[in-house]
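**Student:** need a structure here:
(2 chains)
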Amino acid sequence: MKFLKVILPLLLMVPLMANAQCRSFTKKKCLPELEGYVQNDNFNSAVLIPGDEAELLLTFYADKEYRLLVCGHPILGDLEFEVLDTDEEVIYSNADAEDEGKTKFDFKVATTQQLIVRIRVPEAETASTLIHEGCVSVMIGSKES
Amino acid sequence: MSARKLNLFTLTALFFAGMLLITSCGEGGGDAEGTNADPAVDQEAPAEIEFADLEGAQVTERKETIKKIFYTIPAPMEMASLIQSSGAAFDQDLLNSVDNVESYMTQKSKAINLGMYGADLSYTTMFERSKESLYYLSAVKQLADELGASNIIADELITRVETNKENKDSLMNIVSDTFWSLNAKFKEDGMEDISALVIAGGWIEALHLAGSHVEGNDELRQRIAEQQYSLDDLLKLIKTYENQDNLSDLKADLETLASVFSEVEIKKEKTETSTDDNGTMVIGGASTVTMSDETLAKVRSTVAEIRSKYIQ
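**Tutor:** Numbering: from 1, shown residues only, chains lettered A, B, ... in the order given. All right, here's what the predicted structure looks like:
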């Protein structure tokens, strides 16, 4: 009984600590890239594998400057992302960006609107028996224009 | 030492050794350049990140791909910023009194009011009311602690706020970072319904504050009308947790509000992009928002009704 009282609650903590890695990764590796912007309160992070997709729908206010940061663990390779309007027309693709624009996109919106951010984890180039999974975080920061 | 005690001691020691290994690979062992990394990950890692930080990466047996959808809404800090920049004057009477904090007994009321106090904290921060900000941060801390997130708002954070009370930018960052961490903590602990309640509470309070300052303020009127978009996003977020009883009343209330917002007409033309003088992309496309006085009054009264139901 004593064993159960002492060990069981501690064992239950193990998966929580594993999950907390994404929060810790995002805080250490992604958050500094939003310096100068006030980050959105929402935690948009997931553990993804090659071939996975993520999509985020968000409203952006007129006359504000935004930084969109798509931050993934390097083990997943270069993430591909696009920003689309609600008619699914592509406004921006990081495939067309210079190197420094591969992970972040700075923009303003002239009129308040909803935009879709679509992210894709590239397929692994070499076949492997083990698949790597890694944290992917989508972060939004804003500031006055 | 008896065999039974020894057995318990050994198991406990082994457990903590295991925990130490996990944390050294995760939270604390970030910059170990492979020395503390999970051997399985290290073995299979591509050469170019062989020595990179392996925190946040693992191996998995999952092979089927997924599509993860995030629904999110602008932070209350953004609305507080819009209110402040529109020239409105600070009004303490609009806020949910911190004295009410003791009266929230259920998990649901604690979560919604955590969000509401968060919006009030954003508002006091944006108007540089440092004394009030500290009161609201204390209320936020109390509710967060009671919801099981006691490690997010430590006493050091309160000290940091006191130290930075004259620096608005620092305070804004502290508040945003705190709510981001709370949101992450609830999601990671499988309390996604709680995180949705916090977000909804913050949005309702921010809309109440904007509505209270709207008289004679065309800019805020436009921003309130545009909340049709955010309400749409919020409802989508809440509907992802359809099986959560905690959210059913709130969903019904927000749907009532959505029916009022449906009277707002937003006409948007094709999206256009341009570049400003600094080379930053500007996403435009004309949109016209039409909200009658009658609809604005209905939005305000419906928000007031919903808010009073949850702050009591």
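**Student:** Mind checking the pLDDT average for the host helix or strand of residue B:219?
**Tutor:** Using DSSP states H and E, residue B:219 falls within helix B:218-239. Across helix B:218-239, pLDDT averages out at 93.
**Student:** and that helix, which residues are buried?
**Tutor:** Using 16 or more other C-beta atoms under 10 Å in any protein chain shown as the test for burial, helix B:218-239 gives B:219-235, B:237-238. For every residue, glycine as well, the C-beta is placed using N, CA and C.
**Student:** After it, which helix or strand is next?
**Tutor:** helix B:248-261.
**Student:** ok, the very next helix or strand once past that next one near chain A or not?
**Tutor:** Per DSSP H and E, the first helix or strand lying C-terminal to helix B:248-261 is strand B:265-268. Yes. With C-beta under 8 Å from any C-beta of the partner chain as the measure, strand B:265-268 is seen reaching chain A through residue B:268.
**Student:** follow-up on the earlier one: report the entries of the buried residues of helix B:218-239 that also contact chain A.
**Tutor:** By C-beta under 8 Å from any C-beta, the members of these lying near chain A are B:222, B:223, B:226, B:229, B:230, B:232, B:233.
**Student:** ok, now which ones touch the first one?
**Tutor:** This means residue B:222. Residues in contact with residue B:222 (C-beta atoms under 8 Å, 6 or more residues apart in numbering or on different chains) are A:112, B:289.
**Student:** What separation do you get for it and residue A:62?
**Tutor:** Here the criterion is C-beta to C-beta, to the nearest Å. By it, residue B:222 lies 8 Å from residue A:62.
**Student:** what do the two both touch?
**Tutor:** Residues touching both residue B:222 and residue A:62 (C-beta under 8 Å, 6+ apart): residue A:112.
**Student:** Which strands or helices does the strand ranked longest in chain A pack on?
**Tutor:** When chain A is parsed with DSSP state E, its longest strand is strand A:131-144. In terms of contacts (3 or more C-beta pairs under 8 Å, 6 or more residues apart in numbering or on different chains; DSSP states H and E), strand A:131-144 is packed against helix A:2-25, strand A:38-39, strand A:45-48, strand A:53-60, strand A:64-72, strand A:113-120, strand B:57-60, helix B:76-85.
**Student:** what residues does the last one touch?
**Tutor:** If you take C-beta under 8 Å, 6+ apart as the criterion, helix B:76-85 is touched by A:38, A:41, A:61, A:64, A:142, A:144, B:115, B:118-119, B:122-123, B:125-127, B:172, B:175-176, B:202-203, B:205-207, B:209-210, B:213, B:219-220, B:223.
**Student:** Where does chain A get nearest to chain B, which residue?
**Tutor:** In chain A, the residue that lies nearest chain B is residue A:25 (3.1 Å; C-beta to the nearest C-beta).
**Student:** Nearest spatial neighbour of that residue, chain-adjacent residues omitted?
**Tutor:** Excluding the flanking residues, the one nearest residue A:25 by C-beta to C-beta, 6 or more residues apart in numbering or on different chains is residue B:56, at 3.1 Å.
**Student:** hey, what's residue B:283 bridged with?
**Tutor:** Counting by DSSP bridges, residue B:283 forms beta bridges with residue A:109, residue B:273.
**Student:** Would you check how far apart the residue in chain B that chain A sits nearest to and residue A:35 are?
**Tutor:** Closest approach between chain B and chain A, counting by C-beta to the nearest C-beta: residue B:56, at 3.1 Å. In this view, residue B:56 and residue A:35 are 20 Å apart by C-beta to C-beta.
**Student:** How about residue B:231?
**Tutor:** For residue B:231, the distance to residue A:35 - C-beta to C-beta - is 31 Å.
**Student:** What secondary structure category should be reported for residue B:170?
**Tutor:** Put simply, residue B:170 is helix when judged by DSSP: H, G, I helix; E, B strand; the rest coil.
**Student:** which residue sits closest to it, ignoring its sequence neighbours?
**Tutor:** In space, residue B:170 is closest to residue B:164, 4.0 Å off (C-beta to C-beta, 6+ apart).
**Student:** Just list the residues touching that neighbour, thanks.
**Tutor:** Residues in contact with residue B:164 (C-beta under 8 Å, 6+ apart) are B:170, B:171, B:174.
**Student:** Buried among the contacts of helix B:76-85? Need that as a selection in ChimeraX.
**Tutor:** To isolate the buried ones among these in ChimeraX, judged by 16+ other C-beta under 10 Å, type:
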select /A:38,41,61,64,142 /B:115,118,119,122,123,125,126,127,172,175,176,202,203,205,206,207,209,210,213,219,220,223
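**Student:** now chain A, which segments are flagged as low pLDDT?
**Tutor:** For chain A, applying pLDDT under 70 flags the ranges A:1-20, A:99-101, A:126-129.
**Student:** let's see it at 90
**Tutor:** Along chain A, the model assigns pLDDT under 90 to residues A:1-21, A:63, A:96-102, A:111, A:123-132, A:144-145.
**Student:** ok, back up a step: which pLDDT does the model give the residue nearest to residue B:170?
**Tutor:** 89.
**Student:** Give me the distance between it and residue B:127.
**Tutor:** For residue B:164, the distance to residue B:127 - C-beta to C-beta - is 16 Å.
**Student:** Check residue B:239 too.
**Tutor:** In this view, residue B:239 and residue B:127 are 34 Å apart by C-beta to C-beta.
**Student:** now swap in residue B:155 and tell me
**Tutor:** When C-beta to C-beta is applied, the distance between residue B:155 and residue B:127 equals 25 Å.
**Student:** thinking again about what came up before, neighbours of the residue of chain A closest to chain B, how many?
**Tutor:** 27 (other C-beta atoms under 10 Å in any protein chain shown).
**Student:** Please list all residues in contact with it.
**Tutor:** A:73, A:135, A:137, B:55, B:56.
**Student:** From what I see, the third one and residue A:72 are in contact.
**Tutor:** When you say that, I think you mean residue A:137. Yes. Using C-beta atoms under 8 Å, residue A:137 is in contact with residue A:72, at 7.5 Å.
**Student:** could you point out where the stretch 51-200 of chain B is predicted with low confidence?
**Tutor:** B:51-65, B:86, B:150-151, B:154-158, B:160, B:162, B:164-166, B:188.
**Student:** Where do the helices of it begin and end?
**Tutor:** B:76-85, B:107-126, B:130-146, B:155-163, B:168-188, B:192-212 (DSSP state H, counting those that start in this stretch).
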